[in-house]
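Participant: Next comes the sequence, and after it the predicted model I'd like to discuss.
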Amino acid sequence: EAEVAQSPRYKITEKSQAVAFWCDPISGHATLYWYRQILGQGPELLVQFQDESVVDDSQLPKDRFSAERLKGVDSTLKIQPAELGDSAMYLCASSSTQETQYFGPGTRLLVL
Amino acid sequence: QKEVEQDPGPLSVPEGAIVSLNCTYSNSAFQYFMWYRQYSRKGPELLMYTYSSGNKEDGRFTAQVDKSSKYISLFIRDSQPSDSATYLCAMGGGSNYKLTFGKGTLLTVNP
C-alpha cells in the first residue's frame, strides 16, 4: 500500500538553529499539505500545495517558516530560526481526491 | 467558539464495550466529515469519511452525521485493546478543501 514518506522522524535542535523536514507524497497525488500538531491538539494546516503552487499559506509564520515543492512532487518545510514554541509534530499529507487526505508518520521536533 | 468542538476525554472502557465519540461544529459550509485514528507518536490514519447526513458502516465502525444539529459521531462496536488511540474528527467544505480538525479524544480499551 502506498504511503506518505517523511524524514527525519525525530529532530532535536537548539533555538535559533535552522531545521528542515522532507515529505514524499503518495505517487500521483497532486495536493500536498503540511500540518503542525501540538501535543493534545488536532493538526493545524500550515501550507497547502496544488502541484508546485501554493494554494493556502495563510497560517504559515512567514518570518521564519518556508515551504517549497519545486517539481510538484516532494516538498521541504524549513524553519529558520527555530524557537522553543516550534516544538511539535510536523505532519505531511497528500490527496488525489479533493476531500480525503492521507498522512505520513510525522517529524517530531524538539527545540531546546 | 471554535469551529469544531471535541471532548478530549480521556475515555476508558472495558474490552467489548460500545464506544461513542462525538464532535459538534458551527460552520454550515462543512460538507464532508471524516474520522482519523492516531496511535501514539504516529500520523493520523483515515478511518471513515461521509458526505451526507445519516449512517455509514464499515465493520465495527459506524459514522453518523446529523447536519441539522451540526453533530457527528463515531461508534465502535465490540471494542478491542488495539482500538486504544486518539480519535480525531475532521471536516471540510468550500473551494479550498481545507480540513478543520477537532482536538481528538484519547480512548483506552482495557482488556
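Facilitator: Sure, I can see it. What you see is a predicted model; the values in this text were computed from it and never measured.
Participant: Could you give the number of residues near B:Arg60?
Facilitator: Counted with other Cβ atoms under 10 Å in any protein chain shown, residues neighbouring B:Arg60 total 14. C-beta coordinates here come from the backbone N, C-alpha and C atoms, glycine included.
Participant: Pull up the per-residue confidence for it.
Facilitator: Note on B:Arg60: pLDDT of 97.
Participant: Quick check, it in contact with B:Ser82.
Facilitator: No. The criterion here is Cβ atoms under 8 Å, and B:Arg60 misses it with B:Ser82 at 10.9 Å.
Participant: Below-threshold pLDDT in chain B: ranges please.
Facilitator: B:1, B:94-96 (pLDDT under 70).
Participant: residues from it in reach of chain A?
Facilitator: B:4, B:6, B:8, B:32, B:34, B:36, B:41-46, B:49, B:51, B:88, B:90, B:92, B:96-99, B:101-104 (Cβ under 8 Å from any Cβ of the partner chain).
Participant: Sort out which of those are buried, if you could.
Facilitator: Neighbour counting with 16 or more other Cβ atoms under 10 Å in any protein chain shown marks B:4, B:6, B:32, B:34, B:36, B:43-44, B:49, B:88, B:90, B:92, B:97-99, B:101-104 as buried within these.
Participant: buried set for stretch A:54-67?
Facilitator: Those buried within stretch A:54-67 under the rule 16+ other Cβ under 10 Å are A:55-57, A:60, A:65-67.
Participant: Now, those residues that are in strands?
Facilitator: Judged by DSSP state E, those include A:55-56, A:65-67 as members of strands.
Participant: Which residues of chain A lie near chain B?
Facilitator: Near chain B, when you scan chain A using Cβ under 8 Å from any Cβ, you find A:4, A:6, A:31, A:40-45, A:48, A:55-56, A:91, A:95, A:98-106, A:108.
Participant: any idea how far B:Tyr39 is from B:Gly59?
Facilitator: Taking Cβ to Cβ, to the nearest Å as the measure, B:Gly59 and B:Tyr39 are separated by 18 Å.
Participant: Oops, could you answer that again for A:Lys71 instead?
Facilitator: 32 Å.
Participant: out of those two, which sits in the more crowded spot?
Facilitator: B:Tyr39 (12 against 9).
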